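1. missing the sequence, but the structure's below:
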């Protein structure tokens, strides 16, 4: 139950990438369509047909994205159709043997879509095939002749662009990881108690609101229990505040180990803890907390050679549909006060 809430900013990569890809598809669709029209007017019908087919494939990719929101499929469509188009332009020469010059767009697109490692692998396969096509003897398969200097300079330039694109992509990924780690740390500070590593009051209220919404939807019970350590001031006075912190940490561990997976315990403030019991009536919450109390009966907390005995008092309240969270917690606090007034080391109400 004690998990970090969803962070939209941490998913920014997954949110922005599909939109960028969609824009790329639209731009690619328009550019290839315009180039197809130009090739048609220049009586290069084969090139015009290929470019128009590429434009249609980009249109299909955009349709798939808008209809199914399938980023993986649209990525495969646009990336490998781009590769095929580049292979065709290298093989045929395009217009005036300028077709190979378009391959420079492959590196940044591959790295953006598939990331650093997978992108470099794809680029390696791509440039290998391009090299085979360009250096293949014309007596084996007829294709435009490029002079050796042009072919070498083209490959060197492509590798340079690939290196720069890979460096940028690697830096971007490292920056994203760093931001992710920082954001998680800030999340921990915002939602978790730094001493006990339990949820703090803010996170407990977030969880309570979520469970209350589930309770109203499913009509299943929801209970809370407010716990206060008995005579905690005496612990601080007799053993020091560091001992008090050690007591809080050990109790937090005991509480966490004693509740069910769906339950939550939070540090409500000072020496107070709040238990949240989803799908649990007040009577069943009493049974759970009573077991925890029994576990504490003979438990001693060891601190620097000292043996510290502590007990706690607790008040339980079951939330009702017409009751706010504040009202439920105030009611649990009143039961806690009754448990304190009755001699401490008790749970109220009794069932």
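-> Great, that's in hand. Everything quoted here is computed from the prediction, not taken from an experiment. Numbers count the residues shown, from 1 in each chain.

2. report back the residue of this structure that's furthest from centre.
-> What lies farthest from the middle of the chain is residue 139; by C-alpha atoms, centre = their mean that is 54.7 Å.

3. and it, which of the three is it?
-> The three-state label given to residue 139 by DSSP: H, G, I helix; E, B strand; the rest coil is coil.

4. and it, how close does it get to residue 67?
-> As judged by C-beta to C-beta, to the nearest Å, residue 139 and residue 67 stand 48 Å apart. For glycine as for every other residue, the C-beta is placed from the backbone atoms N, C-alpha and C.

5. go on, residue 304?
-> Residue 304 is 66 Å from residue 67, by C-beta to C-beta.

6. and if you look at residue 23?
-> Per C-beta to C-beta, residue 23 is found 17 Å from residue 67.

7. next, give phi and psi for residue 279.
-> For residue 279, the backbone dihedrals are phi 50, psi 40 (criterion: degrees, to the nearest 10).

8. how's this protein carved up into domains?
-> 8-186, 201-348 (automatic domain parsing).

9. can I get those in CSV with distance to residue 193?
-> Listed next are the domains of the chain as CSV, based on distance: least, C-beta to C-beta, whole Å:
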stretch, distance to residue 193
domain 8-186, 14
domain 201-348, 4
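
10. tell me which of those approaches residue 192 most closely.
-> Closest to residue 192 of those, according to C-beta to C-beta: domain 201-348, at 6.6 Å.

11. still on that earlier bit, of residue 23 and residue 67, which one has the most company?
-> Counted by other C-beta atoms under 10 Å, residue 23 and residue 67 do not tie: residue 23 has more neighbours, with 11 against 8.

12. quick one, grab the pLDDT at the more buried one.
-> Among the per-residue scores, residue 23 shows a pLDDT of 80.

13. and for residue 17?
-> 65.

14. so which residues of the stretch 251-351 of the chain form helices?
-> For the stretch 251-351 of the chain, the helices defined by DSSP state H, counting those that start in this stretch cover 282-297, 325-341.

15. count the residues that sit near the closest residue to residue 249 other than its chain neighbours.
-> Residue nearest to residue 249 in three dimensions, not counting chain neighbours: residue 196, with 5.7 Å by C-beta to C-beta, 6 or more residues apart in numbering. Neighbourhood size, residue 196 [other C-beta under 10 Å]: 21.

16. what is the mean pLDDT for the helix or strand encompassing residue 77?
-> When secondary structure is defined by DSSP states H and E, residue 77 falls within helix 71-92. Average pLDDT, helix 71-92: 86.

17. weakest of the domains of the chain in terms of mean pLDDT?
-> domain 8-186 (a mean of 84).

18. distance from the chain centre to that one, please.
-> Here the centre of domain 8-186 is set off from its chain's centre by 28 Å, with C-alpha atoms, centre = their mean, to the nearest Å.

19. could you do stretch 178-195 as well?
-> The mean C-alpha position of stretch 178-195 is separated from the chain mean by 14 Å, C-alpha atoms, centre = their mean.

20. before we move on, what about stretch 308-317?
-> Worked out by C-alpha atoms, centre = their mean, stretch 308-317 lies 37 Å from the chain centre.

21. give the buried residues for that stretch.
-> Neighbour-count burial for stretch 308-317 flags 308, 310, 312-317 (criterion: 16 or more other C-beta atoms under 10 Å).

22. which of those sits closest to residue 336?
-> Nearest to residue 336 among the buried residues of stretch 308-317, with distances taken as C-beta to C-beta, is residue 315, at 3.3 Å.

23. contacting residues for the closest one?
-> Residues in contact with residue 315 (C-beta atoms under 8 Å, 6 or more residues apart in numbering) are 225-226, 331-339, 347-348.

24. swap in residue 297?
-> Shown in contact with residue 297 (C-beta under 8 Å, 6+ apart): residue 311.

25. with the one 3 residues further on instead?
-> Applying C-beta under 8 Å, 6+ apart, one finds that residue 300 lies in contact with 307-309.

26. ok, of those residues, which one's closest to residue 117?
-> Ranked by distance to residue 117 (C-beta to C-beta), those are led by residue 308 at 53.2 Å.

27. is the closest one in contact with residue 250, as I believe?
-> No: using C-beta atoms under 8 Å, residue 308 makes no contact with residue 250, being 9.0 Å away.

28. mutual contacts of those two, please.
-> In contact with both residue 308 and residue 250: residue 301, using C-beta under 8 Å, 6+ apart.

29. hang on, the earlier thing: can you tell me how far the residue farthest from the centre of the chain is from residue 145?
-> For residue 139 relative to residue 145 (C-beta to C-beta), the value is 11 Å.

30. for residue 333, same thing?
-> As judged by C-beta to C-beta, residue 333 and residue 145 stand 88 Å apart.

31. neighbour count winner among the two?
-> Regarding residue 333 and residue 145, a neighbour count based on other C-beta under 10 Å identifies residue 333 as having more, with 16 against 11.

32. quick one: that one from residue 277, how far?
-> Look at residue 333 and residue 277: by C-beta to C-beta, they are 16 Å apart.

33. check residue 49 too.
-> 68 Å.

34. many thanks, have a good one.
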